[in-house]
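S.K.: Attaching a predicted model along with its sequence, questions to come.
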Amino acid sequence: MIRTFLAALLLSALAIPALADDARPQCKGSPKVVDECVTLYGVLGVYTGTPSIRIWPVGTKKLYGVSDTRDDGSVWLPPRLKDALAANPVEINGKFVMCPLEPARDNHLTLVCLESATELRPVSREQPAAAAPTAPAK
């Protein structure tokens, strides 16, 4: 009886930090971050290739590739972003806090990690209904 209680106590003590670790962002504190984190509005899309998640900041020609892995190799994205991506949208407009994982170079994709993603607006894959054809003007 006591062994069962102690085993349950030990398992719960190990599980609680693991759950809390999933919720904690893994970006800002990473030793891989090479510069200050920035907040920007952009369009996030899923592409073929690596990295598959990319952000295009509104009003620029720059493109950022999102690293979705933690220092220990496990996958991590902000929870709201995971939920939005689960709906399989074409793209997601939003406000992103991201930290560079490599120095920026002109005309090159820069690898970043995401600290947070807010104000998310998924753009659906559903096509709008076609407009009815109009008669030509006489």
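M.R.: Thanks, I have the structure now. Residues are numbered from 1 along each chain as shown.
S.K.: any weak-confidence spans in the chain?
M.R.: Scanning the chain for pLDDT under 70 picks out the ranges 1-25, 71-75, 125-138.
S.K.: can you pull out the helices in the chain?
M.R.: All helices of the chain, identified by DSSP state H, fall at 2-23, 79-86.
S.K.: Any buried residues in the last one, and which?
M.R.: It refers to helix 79-86. By 16 or more other CB atoms under 10 Å, the buried positions in helix 79-86 come out as 81, 84-85. Every residue, glycine included, has its C-beta placed from N, CA and C.
S.K.: cool, stretch 64-84 as well?
M.R.: 64-68, 70, 76-78, 81, 84.
S.K.: What's the local residue count around residue 34?
M.R.: Residue 34 has 13 neighbours, counted by other CB atoms under 10 Å.
S.K.: That one - nearest residue in space that isn't next to it in sequence?
M.R.: Closest residue in space to residue 34, ignoring its immediate chain neighbours: residue 100 at 5.4 Å, by CB to CB, 6 or more residues apart in numbering.
S.K.: and the one you found, how far is that from residue 123?
M.R.: 26 Å (CB to CB, to the nearest Å).
S.K.: Looking at the protein, which strand is longest?
M.R.: The longest strand of the chain (DSSP state E) is strand 110-123.
S.K.: quick one: which two of the buried residues of stretch 64-84 are the most distant?
M.R.: Using CB to CB, the buried residues of stretch 64-84 span at most 20.0 Å, a distance reached by 70 and 84.
S.K.: For the closest residue to residue 51 other than its chain neighbours, give the beta-bridge partners.
M.R.: Once flanking residues are discounted, residue 51 sits nearest to residue 65: 3.7 Å by CB to CB, 6+ apart. Taking DSSP bridges as the rule, residue 65 bridges to residue 54, residue 111.
S.K.: distance of residue 65 from residue 101?
M.R.: Taken as CB to CB, the span from residue 65 to residue 101 is 9 Å.
S.K.: re the thing from before, neighbour count: residue 100 and residue 123, which is higher?
M.R.: Neighbours were counted for residue 100 and for residue 123 using other CB under 10 Å; residue 100 has more, 18 against 12.
S.K.: Can you tell me how far residue 33 is from residue 64?
M.R.: For residue 33 relative to residue 64 (CB to CB), the value is 14 Å.
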